[in-house]
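Student: Predicted model follows, preceded by the sequence.
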Amino acid sequence: MLCELGSYEDLALTTNGFLLSKYAKELFDSGLKRVTVSLDSLKETTFKYMNGGFSSVQDVTKGIEAAISVGLYVKINVVVQKGVNEDQIIPIAEYGNQLGINTRFIEFMDVGNHNQWIEEKVFTARDILKVLQSRFSLEPIGSSYRGEVAQRYKESGSSWEIGLISSITKPFCRDCVRARVSADGHIFTCLFGTKGFDIRSQMRKGLNDDDFIDLISKIWTLRKDKYSEDRSQLRGTLDKVEMHHIGG
């Protein structure tokens, strides 16, 4: 339905990949451009530990390969936790390299209120890079645009890329350009936000396009979110929005 509206630059889906092998072709035929698949381990026991016992590595890898085969652009996201899955950095990178899939490694973040985050579980982007450099010859790539969240590298002599997202050790709040809209019509100006702005009720009042654009612009320009920069002072004091509510 979104594709039928037209006038959009891109349309992507973030998914756990569980049903992707079944729906990849239908999604592509409907107009989806790309998918980002969460894959934190290729080791079944670790995979199930990190996702609560849901799905399996085989289900996800089948989905990834089905998505590639139908023409979707695929990217892998890996959240790295110290003492849990840092031994999977190289295997997942090799898997992505083999398939030509750009792969992103993300520092374990305290999104929401229930993921049992503690700073001691953070495996830093710098340490992730050291692990990757033990196997791959990597060259840094400049940012494509201001506010790009990942530090990107490419393998020498190849177009394959890896990215490092360092919200904990190197926050990028000042250059953030990402807003998120929940299914109930609230716009959140920060992944770690506590509440959103109700734009659905404003739309239902009959705002024209110009007034609606002005409303969104005002919400964004007046924002003061910088949780990642102020984490040490704010941690444990805020009831943050859950990841599943705003889509990551």
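Tutor: That came through, no problem.

Student: Mind listing residues that contact the lowest-mean-pLDDT helix or strand in the chain?
Tutor: Least confident helix or strand of the chain, by mean pLDDT, DSSP states H and E, is helix 231-234 with a mean of 74. With C-beta atoms under 8 Å, 6 or more residues apart in numbering as the test, helix 231-234 has contacts from 110, 168, 171, 227. Where you see a C-beta, it was placed from the backbone N, CA and C, and this is true even at glycine.

Student: for the protein, what are the low-confidence residue spans?
Tutor: The chain contains residues with pLDDT under 70 at 113, 115, 235-237, 248.

Student: what about the strands in it?
Tutor: Per DSSP state E, the chain carries strands over the ranges 12-15, 34-38, 73-80, 102-107, 138-141, 151-155, 161-165, 180-181, 186-188, 197-198.

Student: quick one: strands adjacent to the third one?
Tutor: Read that as strand 73-80. Using DSSP bridges, the strands paired with strand 73-80 in its sheet are strand 34-38 (parallel), strand 102-107 (parallel).

Student: Next: the last one.
Tutor: If you go by DSSP bridges, strand 197-198 pairs up with strand 186-188 (antiparallel).

Student: Contacts for the strand it pairs with next, please.
Tutor: Contact partners of strand 186-188, identified using C-beta under 8 Å, 6+ apart, comprise 179-182, 195-200, 216, 219, 241, 246.

Student: what about 7 Å?
Tutor: With C-beta atoms under 7 Å, 6 or more residues apart in numbering as the test, strand 186-188 has contacts from 179-182, 196-199, 219, 241, 246.

Student: Then stretch 8-23?
Tutor: Residues contacting stretch 8-23 (C-beta under 7 Å, 6+ apart): 2-3, 27, 31-38, 51, 55, 59-60, 62-64, 66-67, 247-248.

Student: Do a quick rundown of the helices in the protein.
Tutor: Along the chain, counting by DSSP state H, helices occupy 2-5, 20-30, 44-51, 57-70, 89-99, 125-133, 200-204, 209-221, 231-234, 243-246.

Student: Pull out the buried positions in the last one.
Tutor: Same thing as helix 243-246. By neighbour count on 16 or more other C-beta atoms under 10 Å, the buried set for helix 243-246 is 245-246.

Student: CA atoms only: put it into CSV for me.
Tutor: Taking Å, rounded to 0.1, in the frame of the first residue of the first chain, the C-alpha atoms of helix 243-246 are listed here in CSV:
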residue,chain,number,x,y,z
MET,A,243,12.3,-0.8,20.5
HIS,A,244,9.3,-2.9,19.3
HIS,A,245,7.0,0.1,19.6
ILE,A,246,9.0,2.4,17.2
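
Student: Done for today, thanks.
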